[in-house]
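**Student:** sequence plus the predicted model coming up.
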Amino acid sequence: MRAFVAIEIDEPIREALAALISELRALDAPVKWVEPQNIHLTLKFLGSVPDASVPKAIDILRACCQGVSPFQLEVKGAGAFPDLKRPRVLFVSAEDRPPTAADLARRLNEQMAELGVEREDRPFQNHITLGRLKMPRPIPALAQRLEALAARLFGSMTVQRVTLMQSDLRPGGPVYTAVQQIELG
């Protein structure tokens, strides 16, 4: 099973981000946009997990969430990785209070290695992907629009659970299915 651990985004924020994607799509940039139902914040990409290891992955997720209280997540601003001059990934920022997501991601990064999941070397950055470009290149209109969104608030929510998600890659795009939700607190 291809899997990842995510924070599912509340519907009002998902709707605001879907409207933003529609607005950005009108710029006619060569971007593969995220479908609204797939909008989420990834804490840890697991890759291919053997079916026999899924219960262990759930146990690890449960252990990583132990003692973690629900926290606030504010979705605002926009940007691109590696930068706005040559974007590859377009995103909105997600600020957590108290800072909890990075700690959860660090725990998952360390503990999921027990399953043979590759550790991420880069520091975790709270973001919600909106779209991807196959070839990074300058797109001035897109860069200007993303810069103009620096202070825009898309909403806030209380994160009460994290989810082990299955990702089925299909010709029409990925389909994500919740395998297990783990409550915080």
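**Tutor:** It's in.
**Student:** and the residue nearest the centre of the protein?
**Tutor:** Per C-alpha atoms, centre = their mean, the C-alpha nearest to the average position across the chain is that of L41, at 2.5 Å.
**Student:** ok but it is inside a strand, no?
**Tutor:** Yes: looking at L41 with DSSP: H, G, I helix; E, B strand; the rest coil, it is inside a strand.
**Student:** now it: closest residue in space that isn't a chain neighbour?
**Tutor:** Leaving aside its chain neighbours, L41 sits nearest to I7 (4.3 Å; criterion: C-beta to C-beta, 6 or more residues apart in numbering). In this view, the C-beta of every residue, glycine as well, is placed from N, C-alpha and C.
**Student:** next up, the contacts around the one you found.
**Tutor:** Residues in contact with I7 (C-beta atoms under 8 Å, 6 or more residues apart in numbering) are 40-41, 43, 73, 101, 159, 162-163.
**Student:** would JSON lines of these with distance to V34 be doable?
**Tutor:** Converted to JSON lines, the contacts of I7 look like this (distance: C-beta to C-beta, whole Å):
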{"residue": "H40", "distance to V34": "9"}
{"residue": "L41", "distance to V34": "12"}
{"residue": "L43", "distance to V34": "17"}
{"residue": "L73", "distance to V34": "17"}
{"residue": "A101", "distance to V34": "19"}
{"residue": "V159", "distance to V34": "19"}
{"residue": "V162", "distance to V34": "19"}
{"residue": "T163", "distance to V34": "16"}
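**Student:** from those, keep the buried residues only.
**Tutor:** Taking 16 or more other C-beta atoms under 10 Å as the criterion, what is buried in the contacts of I7 is 40-41, 43, 73, 101, 159, 162-163.
**Student:** just those residues now: which is nearest D28?
**Tutor:** Nearest to D28 among the buried ones among the contacts of I7 is H40, at 25.9 Å by C-beta to C-beta.
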